[in-house]
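> Sequence and predicted structure below; questions after.
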Amino acid sequence: MGRFRLALVWGGILAIVCWPLMQWLGRKWSPRHAETILPLAVVSGIALVFVIPVSFLIAAAAGEAQEGGNWIRQAGETGVPEPGWLSKLPWGRAQIEHWWQINLSSPEGMKALVHKLNPEQALTTLEHIGHGLVNTVVILCFSLLILFFLLRGGHRLIEHLNLFILRLLGARGQMAQKQLVGAVRGAMAGLVLVGLAEGVIIGVSYIIAGAPQPLLLGLFTAFASMIPMVGGVAVAISALLIAIKGSLGAGIAVGVFGFVVLFLADHFIRPVLIGGSIRLPFVWVLLGILGGIETWGLSGLFIGPVLMALAHLIWRFGSTRANGAGRMVGHQPE
């Protein structure tokens, strides 16, 4: 199956996350051929959620690439003037100004700096990024196709799966199933939804501070914030861009505000959403996320917490009396 195993994994993850929405739509809206129309509506909605931001990113990246090319061409001819905030630095001003004058202010320094950056390697990197984007689009399309068929046959699949788990593992198997489903949905709420919310809130500060391309930076921050501790890198880059533009105070303010938002979300909101519903300590969740990303890439955002939830449940099964097993796992959504 090769790379399409990843599409199967993402299709399953999306099916677990979207199944409550399918049930809600089934109760509110019962058209003819509902078994086909409802899954199609859910898949179409998810496709729009992905397609609209990705299309915006591609269009913005194309515009930025053109502007960046013009800026590099102009910088190679005239150099890059010193920003006003350099003269206001409390320390290190002389050294930074000296480096700027040698490497950036003169066309000769710019040409030498560009030569050191190895443009051929940069083009190779861009080519790899392009191939990666195409591969991601293909996997996304197959994931949505798998999601459609899983949602279409969801009732029968759940019925057979529950019967299989009950016969194979008994009541504890059903507890484990609820724990794993809760882990996947908790990861979606705690990682993806919280990351998007962080991107929106911090993106507003980009707009107020007059950042270049604030919507693009907000999307970049949102996607980076889905991974714990990576959102800070996006905030730091955005604050640096604002400072370089000429407003050092605005850059510092955005950086402080962004890190406060990330701190509050990562330490108070995410632990409740990810580990609260399945009674999983946040340390276990964090180890699962980081280990999952290292092993499986972006899919590890969900696979890691699921495996840690299973390991934690096995630990509790082994350290709790059998007659107390029914109280170990709280009620989970079907």
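Happy to help now that I have it. Residues are numbered from 1 along each chain as shown.

> which stretches of the protein form helices?
For the chain, the helices defined by DSSP state H cover 4-28, 34-78, 93-100, 107-116, 119-152, 154-169, 171-187, 194-209, 214-225, 231-245, 248-264, 270-271, 282-296, 300-319.

> Among those, show the one with the smallest mean pLDDT.
In terms of mean pLDDT, the lowest-scoring of the helices of the chain is helix 107-116 (a mean of 70).

> list the buried ones in that one?
Across helix 107-116, burial judged by 16 or more other C-beta atoms under 10 Å covers 109-110. All C-beta spots, glycine's among them, are computed from the backbone N, C-alpha and C.

> Determine how far that helix lies from the middle of the whole chain.
From the chain centre to the centre of helix 107-116 is a distance of 36 Å (C-alpha atoms, centre = their mean, to the nearest Å).

> Likewise for stretch 149-165?
29 Å.

> what do you get for stretch 30-41?
Distance of stretch 30-41 from the chain centroid (C-alpha atoms, centre = their mean) equals 30 Å.

> Repeat that for stretch 203-210.
21 Å.

> and if you look at stretch 147-156?
On C-alpha atoms, centre = their mean, the centre of stretch 147-156 falls 26 Å from that of its chain.

> Pull out the buried positions in it.
147-148, 150-152, 154.

> which of those lies closest to residue 309?
residue 150 (21.0 Å; C-beta to C-beta).

> For the closest one, give me its contacts.
11-12, 15, 157 (C-beta atoms under 8 Å, 6 or more residues apart in numbering).

> Which one of the buried residues of stretch 147-156 is nearest to residue 259?
The closest of the buried residues of stretch 147-156, once distances to residue 259 are taken by C-beta to C-beta, is residue 147, at 35.8 Å.

> thinking that closest one is in contact with residue 43, fair?
Yes - using C-beta atoms under 8 Å, residue 147 is in contact with residue 43, at 5.7 Å.

> sorry, back to before: could I get the contacts of residue 150 as a markdown table with distance to residue 260?
Shown next, in a markdown table, are those (distance: C-beta to C-beta, whole Å):
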| residue | distance to residue 260 |
| --- | --- |
| 11 | 37 |
| 12 | 36 |
| 15 | 36 |
| 157 | 44 |
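
> ok, of these, which come out buried?
Among those, the ones that count as buried by 16+ other C-beta under 10 Å are 11-12, 15.

> how about TSV for the residues you listed, with distance to residue 257 added?
Shown next, in TSV, are the buried ones among the contacts of residue 150 (distance: C-beta to C-beta, whole Å):
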residue	distance to residue 257
11	38
12	38
15	37
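
> Tell me how far residue 151 lies from residue 32.
Distance of residue 151 to residue 32, given as C-beta to C-beta, to the nearest Å: 17 Å.

> still on that earlier bit, among the buried residues of stretch 147-156, which one sits closest to residue 195?
Using C-beta to C-beta, these come closest to residue 195 at residue 147, 20.7 Å.

> residue contacts, the closest one?
Applying C-beta under 8 Å, 6+ apart, the residues near residue 147 are 11, 14-15, 18, 39, 42-43, 46.

> Same question for residue 189.
Contacts of residue 189 by C-beta under 8 Å, 6+ apart are 273-274.

> CA-only coordinates of stretch 215-225 in PDB, if you can.
Only the C-alpha atoms of stretch 215-225 are listed here, as PDB (Å, rounded to 0.1, in the frame of the first residue of the first chain):
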ATOM      1  CA  LEU A 215      -3.500  36.700   7.500                       C
ATOM      2  CA  LEU A 216      -0.700  34.500   6.100                       C
ATOM      3  CA  LEU A 217       1.300  34.800   9.400                       C
ATOM      4  CA  GLY A 218      -1.900  34.000  11.300                       C
ATOM      5  CA  LEU A 219      -2.400  30.800   9.300                       C
ATOM      6  CA  PHE A 220       1.200  29.900   9.800                       C
ATOM      7  CA  THR A 221       0.900  30.400  13.500                       C
ATOM      8  CA  ALA A 222      -2.400  28.400  13.700                       C
ATOM      9  CA  PHE A 223      -0.900  25.400  11.900                       C
ATOM     10  CA  ALA A 224       2.400  25.600  14.000                       C
ATOM     11  CA  SER A 225       0.400  25.900  17.200                       C
END
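
> Of all the residues in it, which ones are buried?
Quick answer for stretch 215-225 (16+ other C-beta under 10 Å): 216-225.

> now, which of those residues sits nearest residue 294?
Using C-beta to C-beta, residue 224 is the member of these that lies nearest residue 294, at 16.6 Å.

> Distance of the nearest residue to residue 22 once chain neighbours are set aside relative to residue 29?
Among residues not flanking residue 22 along the chain, residue 151 sits closest, at 5.5 Å (C-beta to C-beta, 6 or more residues apart in numbering). Distance of residue 151 to residue 29, computed by C-beta to C-beta: 14 Å.

> Can you add distance to residue 296 and give the buried residues of stretch 215-225 back as JSON lines?
Formatted as JSON lines, the buried residues of stretch 215-225 follow (distance: C-beta to C-beta, whole Å):
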{"residue": "216", "distance to residue 296": "28"}
{"residue": "217", "distance to residue 296": "28"}
{"residue": "218", "distance to residue 296": "27"}
{"residue": "219", "distance to residue 296": "24"}
{"residue": "220", "distance to residue 296": "23"}
{"residue": "221", "distance to residue 296": "24"}
{"residue": "222", "distance to residue 296": "22"}
{"residue": "223", "distance to residue 296": "18"}
{"residue": "224", "distance to residue 296": "18"}
{"residue": "225", "distance to residue 296": "20"}
